[in-house]
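Chemist: Could you work out the structure for the sequence below:
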Amino acid sequence: MRATTQFILICFSVVAGLLLLAGLYEHFFCKDRLRLSSSKYITTVAVSAALAGLLMLLELPLVFLAPDFYKVDLSELPVLICSFYLGPVAGILTEFLKIMIKLVLKPSTTAFVGELANFSIGCAIVLPASMIYHRIRTKGGAVAGMIVGTLVMAIFGSLFNAVYLLPAYSEMYHWPLQAIVAKGTEINSHITGVYSFVLLAVAPLNLIKGTVVSILTFLLYKRIRPIMFKRS
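Modeler: I've put the predicted structure just below:
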(Lines give C-alpha, C1' and ligand atoms only; values in the text may rest on other atoms or scores of the structure.)
Protein backbone atom coordinates (compact mmCIF):
# COMPACT_ATOMS: atom_id res chain seq x y z
CA MET A 1 0.00 0.00 0.00
CA ARG A 2 2.79 2.39 0.91
CA ALA A 3 4.67 1.65 -2.32
CA THR A 4 1.47 2.27 -4.33
CA THR A 5 0.85 5.61 -2.60
CA GLN A 6 4.42 6.69 -3.22
CA PHE A 7 4.10 5.70 -6.87
CA ILE A 8 0.90 7.73 -7.30
CA LEU A 9 2.53 10.76 -5.69
CA ILE A 10 5.53 10.41 -7.98
CA CYS A 11 3.23 10.25 -11.03
CA PHE A 12 1.37 13.43 -10.12
CA SER A 13 4.61 15.17 -9.16
CA VAL A 14 6.10 14.38 -12.58
CA VAL A 15 3.01 15.72 -14.37
CA ALA A 16 2.85 18.88 -12.23
CA GLY A 17 6.58 19.54 -12.56
CA LEU A 18 6.56 19.21 -16.34
CA LEU A 19 3.49 21.44 -16.68
CA LEU A 20 5.15 24.08 -14.51
CA LEU A 21 8.34 23.95 -16.56
CA ALA A 22 6.42 24.17 -19.84
CA GLY A 23 4.23 27.00 -18.53
CA LEU A 24 7.18 29.08 -17.39
CA TYR A 25 8.94 28.56 -20.71
CA GLU A 26 5.86 29.62 -22.67
CA HIS A 27 5.36 32.69 -20.49
CA PHE A 28 8.89 34.00 -20.81
CA PHE A 29 10.10 32.72 -24.16
CA CYS A 30 7.24 31.70 -26.48
CA LYS A 31 6.11 35.15 -27.54
CA ASP A 32 4.94 33.93 -30.94
CA ARG A 33 2.81 31.08 -29.65
CA LEU A 34 -0.54 30.76 -31.45
CA ARG A 35 -3.45 32.13 -29.41
CA LEU A 36 -6.74 30.27 -29.68
CA SER A 37 -10.03 30.48 -27.86
CA SER A 38 -10.33 28.15 -24.85
CA SER A 39 -12.82 25.90 -26.67
CA LYS A 40 -10.60 25.63 -29.76
CA TYR A 41 -7.52 24.97 -27.63
CA ILE A 42 -9.27 22.22 -25.65
CA THR A 43 -10.71 20.66 -28.81
CA THR A 44 -7.30 20.62 -30.50
CA VAL A 45 -5.62 19.01 -27.49
CA ALA A 46 -8.46 16.48 -27.11
CA VAL A 47 -8.38 15.41 -30.77
CA SER A 48 -4.60 15.05 -30.67
CA ALA A 49 -4.79 13.04 -27.42
CA ALA A 50 -7.46 10.74 -28.86
CA LEU A 51 -5.32 9.98 -31.91
CA ALA A 52 -2.29 9.43 -29.69
CA GLY A 53 -4.25 7.13 -27.38
CA LEU A 54 -5.29 4.98 -30.31
CA LEU A 55 -1.74 4.85 -31.65
CA MET A 56 -0.52 3.81 -28.20
CA LEU A 57 -2.54 0.62 -28.56
CA LEU A 58 -0.51 -0.33 -31.63
CA GLU A 59 2.60 -1.52 -29.83
CA LEU A 60 5.42 -3.34 -31.56
CA PRO A 61 8.00 -5.37 -29.62
CA LEU A 62 11.50 -5.27 -31.12
CA VAL A 63 12.58 -8.62 -29.74
CA PHE A 64 15.96 -8.48 -31.48
CA LEU A 65 16.88 -5.54 -29.23
CA ALA A 66 14.99 -5.91 -25.95
CA PRO A 67 12.68 -8.30 -24.05
CA ASP A 68 9.10 -8.37 -25.28
CA PHE A 69 7.76 -6.36 -22.33
CA TYR A 70 9.43 -3.36 -23.98
CA LYS A 71 7.37 -2.16 -26.93
CA VAL A 72 7.56 0.73 -29.37
CA ASP A 73 4.58 2.82 -30.47
CA LEU A 74 4.14 6.01 -32.47
CA SER A 75 1.80 7.79 -30.06
CA GLU A 76 4.18 10.76 -29.75
CA LEU A 77 3.47 11.70 -33.39
CA PRO A 78 0.16 13.58 -32.75
CA VAL A 79 1.56 14.90 -29.46
CA LEU A 80 4.62 16.39 -31.13
CA ILE A 81 2.55 17.90 -33.94
CA CYS A 82 0.17 19.44 -31.40
CA SER A 83 3.06 20.86 -29.38
CA PHE A 84 4.56 22.40 -32.52
CA TYR A 85 1.20 24.02 -33.22
CA LEU A 86 0.19 25.19 -29.72
CA GLY A 87 3.33 25.05 -27.56
CA PRO A 88 4.95 22.92 -24.84
CA VAL A 89 2.03 23.11 -22.37
CA ALA A 90 -0.35 21.67 -24.95
CA GLY A 91 2.20 18.91 -25.60
CA ILE A 92 2.33 17.91 -21.92
CA LEU A 93 -1.48 18.03 -21.59
CA THR A 94 -1.88 15.94 -24.73
CA GLU A 95 0.66 13.42 -23.47
CA PHE A 96 -1.18 13.11 -20.14
CA LEU A 97 -4.63 12.79 -21.74
CA LYS A 98 -3.22 10.21 -24.14
CA ILE A 99 -2.36 7.99 -21.19
CA MET A 100 -5.84 8.46 -19.67
CA ILE A 101 -7.51 7.53 -22.97
CA LYS A 102 -5.30 4.49 -23.37
CA LEU A 103 -6.19 3.31 -19.85
CA VAL A 104 -9.90 3.57 -20.66
CA LEU A 105 -9.44 1.54 -23.83
CA LYS A 106 -6.96 -0.94 -22.36
CA PRO A 107 -6.25 -1.24 -18.60
CA SER A 108 -2.65 -1.30 -17.43
CA THR A 109 -0.83 -4.61 -17.46
CA THR A 110 2.27 -3.22 -15.72
CA ALA A 111 0.79 -1.77 -12.51
CA PHE A 112 0.95 1.65 -14.27
CA VAL A 113 4.76 1.56 -14.42
CA GLY A 114 4.59 1.25 -18.20
CA GLU A 115 2.22 4.20 -18.44
CA LEU A 116 4.46 6.39 -16.28
CA ALA A 117 7.41 5.39 -18.46
CA ASN A 118 5.53 6.19 -21.66
CA PHE A 119 4.41 9.58 -20.36
CA SER A 120 7.77 10.63 -18.93
CA ILE A 121 9.86 9.43 -21.84
CA GLY A 122 7.35 10.86 -24.32
CA CYS A 123 7.63 14.25 -22.64
CA ALA A 124 11.41 13.93 -22.88
CA ILE A 125 11.18 14.30 -26.66
CA VAL A 126 8.12 16.57 -26.87
CA LEU A 127 9.26 19.19 -24.37
CA PRO A 128 12.75 20.03 -25.75
CA ALA A 129 11.60 19.69 -29.37
CA SER A 130 8.69 22.10 -28.94
CA MET A 131 10.74 24.49 -26.81
CA ILE A 132 13.41 24.80 -29.49
CA TYR A 133 10.90 25.05 -32.33
CA HIS A 134 8.99 27.86 -30.62
CA ARG A 135 12.24 29.79 -30.24
CA ILE A 136 13.40 29.11 -33.81
CA ARG A 137 10.30 28.97 -36.00
CA THR A 138 12.02 27.57 -39.06
CA LYS A 139 12.41 24.16 -40.66
CA GLY A 140 15.95 24.05 -39.28
CA GLY A 141 14.63 24.85 -35.81
CA ALA A 142 12.16 21.99 -36.05
CA VAL A 143 14.87 19.57 -37.14
CA ALA A 144 17.24 20.75 -34.40
CA GLY A 145 14.47 20.44 -31.82
CA MET A 146 13.61 16.89 -32.82
CA ILE A 147 17.25 15.81 -32.86
CA VAL A 148 17.79 17.24 -29.38
CA GLY A 149 14.49 15.73 -28.22
CA THR A 150 15.43 12.28 -29.51
CA LEU A 151 18.79 12.41 -27.74
CA VAL A 152 17.20 13.65 -24.51
CA MET A 153 14.61 10.88 -24.71
CA ALA A 154 17.29 8.22 -25.17
CA ILE A 155 19.44 9.51 -22.31
CA PHE A 156 16.60 10.28 -19.91
CA GLY A 157 14.79 7.04 -20.75
CA SER A 158 17.90 4.99 -19.98
CA LEU A 159 18.61 6.74 -16.69
CA PHE A 160 14.96 6.69 -15.60
CA ASN A 161 14.73 2.97 -16.31
CA ALA A 162 17.94 2.21 -14.42
CA VAL A 163 17.28 4.40 -11.40
CA TYR A 164 13.54 4.07 -10.92
CA LEU A 165 11.38 2.18 -13.44
CA LEU A 166 13.12 -1.20 -13.42
CA PRO A 167 13.44 -1.31 -9.60
CA ALA A 168 9.78 -0.23 -9.25
CA TYR A 169 8.63 -2.89 -11.72
CA SER A 170 10.71 -5.48 -9.90
CA GLU A 171 9.23 -4.53 -6.51
CA MET A 172 5.60 -4.38 -7.65
CA TYR A 173 5.76 -7.71 -9.46
CA HIS A 174 8.13 -9.41 -6.99
CA TRP A 175 10.38 -10.16 -9.94
CA PRO A 176 14.09 -10.04 -9.04
CA LEU A 177 15.94 -7.33 -10.91
CA GLN A 178 18.60 -9.79 -12.00
CA ALA A 179 15.89 -11.96 -13.57
CA ILE A 180 14.78 -8.97 -15.67
CA VAL A 181 18.39 -8.37 -16.70
CA ALA A 182 18.68 -12.05 -17.62
CA LYS A 183 15.90 -11.57 -20.16
CA GLY A 184 18.12 -9.01 -21.85
CA THR A 185 21.13 -11.31 -21.65
CA GLU A 186 19.19 -13.91 -23.63
CA ILE A 187 19.05 -11.42 -26.50
CA ASN A 188 22.46 -9.79 -26.12
CA SER A 189 25.23 -11.55 -24.21
CA HIS A 190 26.88 -8.19 -23.50
CA ILE A 191 23.99 -7.31 -21.18
CA THR A 192 25.22 -8.30 -17.73
CA GLY A 193 23.67 -5.73 -15.40
CA VAL A 194 21.12 -2.94 -15.13
CA TYR A 195 23.28 -0.27 -16.77
CA SER A 196 24.35 -2.45 -19.69
CA PHE A 197 20.67 -3.42 -20.03
CA VAL A 198 19.54 0.17 -20.46
CA LEU A 199 22.53 1.07 -22.63
CA LEU A 200 22.17 -1.84 -25.05
CA ALA A 201 18.42 -2.42 -24.98
CA VAL A 202 16.46 0.60 -23.73
CA ALA A 203 18.52 3.37 -25.36
CA PRO A 204 18.40 1.86 -28.89
CA LEU A 205 14.62 1.43 -28.61
CA ASN A 206 14.16 5.07 -27.70
CA LEU A 207 16.53 6.22 -30.44
CA ILE A 208 14.56 4.22 -33.01
CA LYS A 209 11.24 5.53 -31.74
CA GLY A 210 12.45 9.13 -31.59
CA THR A 211 13.94 8.96 -35.07
CA VAL A 212 10.82 7.46 -36.67
CA VAL A 213 8.47 9.90 -34.90
CA SER A 214 10.70 12.84 -35.87
CA ILE A 215 10.86 11.85 -39.53
CA LEU A 216 7.08 11.38 -39.71
CA THR A 217 6.50 14.71 -37.96
CA PHE A 218 8.83 16.46 -40.40
CA LEU A 219 7.04 14.91 -43.38
CA LEU A 220 3.47 15.32 -42.14
CA TYR A 221 3.29 18.51 -40.05
CA LYS A 222 2.68 20.99 -42.86
CA ARG A 223 0.27 18.59 -44.58
CA ILE A 224 -1.70 17.65 -41.46
CA ARG A 225 -1.89 21.08 -39.89
CA PRO A 226 -4.60 22.50 -42.19
CA ILE A 227 -6.70 19.32 -41.69
CA MET A 228 -6.29 18.73 -37.95
CA PHE A 229 -6.17 22.35 -36.86
CA LYS A 230 -8.80 24.19 -38.85
CA ARG A 231 -9.23 27.67 -37.48
CA SER A 232 -12.70 28.69 -36.41
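
Chemist: C-alpha from now on. contacts and neighbour counts both.
Modeler: Fine.

Chemist: Quick one: classify the residue positioned nearest the centre of the chain as helix, strand or coil.
Modeler: The centre of the chain sits closest to Gly122, judged by CA atoms, centre = their mean, with a distance of 0.8 Å. Per DSSP: H, G, I helix; E, B strand; the rest coil, the secondary structure class of Gly122 is helix.

Chemist: From the chain's centroid, how far away is stretch 161-177?
Modeler: 20 Å (CA atoms, centre = their mean, to the nearest Å).

Chemist: ok, now stretch 102-111?
Modeler: 16 Å.

Chemist: before we move on, back to that, nearest spatial neighbour of the residue nearest to the centre of the chain, skipping sequence neighbours?
Modeler: Glu76 (6.3 Å; CA to CA, 6 or more residues apart in numbering).

Chemist: just checking, that neighbour touches Leu51?
Modeler: No. Using CA atoms under 8 Å, Glu76 is not in contact with Leu51; the gap is 9.8 Å.

Chemist: Comparing those two, which residue is more hemmed in?
Modeler: Each of Glu76 and Leu51 has its neighbours counted (other CA atoms under 10 Å); Glu76 has more, 32 against 18.

Chemist: From Ile125, how far off is the more buried one?
Modeler: 8 Å (CA to CA, to the nearest Å).

Chemist: what's the next secondary structure element after the strand or helix carrying Gly157?
Modeler: Following DSSP states H and E, the helix or strand that holds Gly157 is helix 139-160. Once the chain leaves helix 139-160, the next helix or strand it forms, by DSSP H and E, is helix 166-173.

Chemist: So which elements touch that following helix?
Modeler: helix 177-187 (3 or more CA pairs under 8 Å, 6 or more residues apart in numbering; DSSP states H and E).

Chemist: which strands and helices sit next to the helix it packs on?
Modeler: helix 166-173, helix 194-197.

Chemist: from the chain's centre, how far out does the last one sit?
Modeler: Same thing as helix 194-197. Remark: helix 194-197 is offset 21 Å from the chain centroid, using CA atoms, centre = their mean.

Chemist: and what of stretch 73-80?
Modeler: 8 Å.

Chemist: Could you tell me which residues within that stretch count as buried?
Modeler: Asp73, Leu74, Ser75, Glu76, Leu77, Pro78, Val79, Leu80 (16 or more other CA atoms under 10 Å).

Chemist: got it, and stretch 42-54?
Modeler: So stretch 42-54, judged by 16+ other CA under 10 Å, has buried residues Thr44, Val45, Ala46, Val47, Ser48, Ala49, Ala50, Leu51, Ala52, Gly53.

Chemist: Thanks again, I'm all set now.
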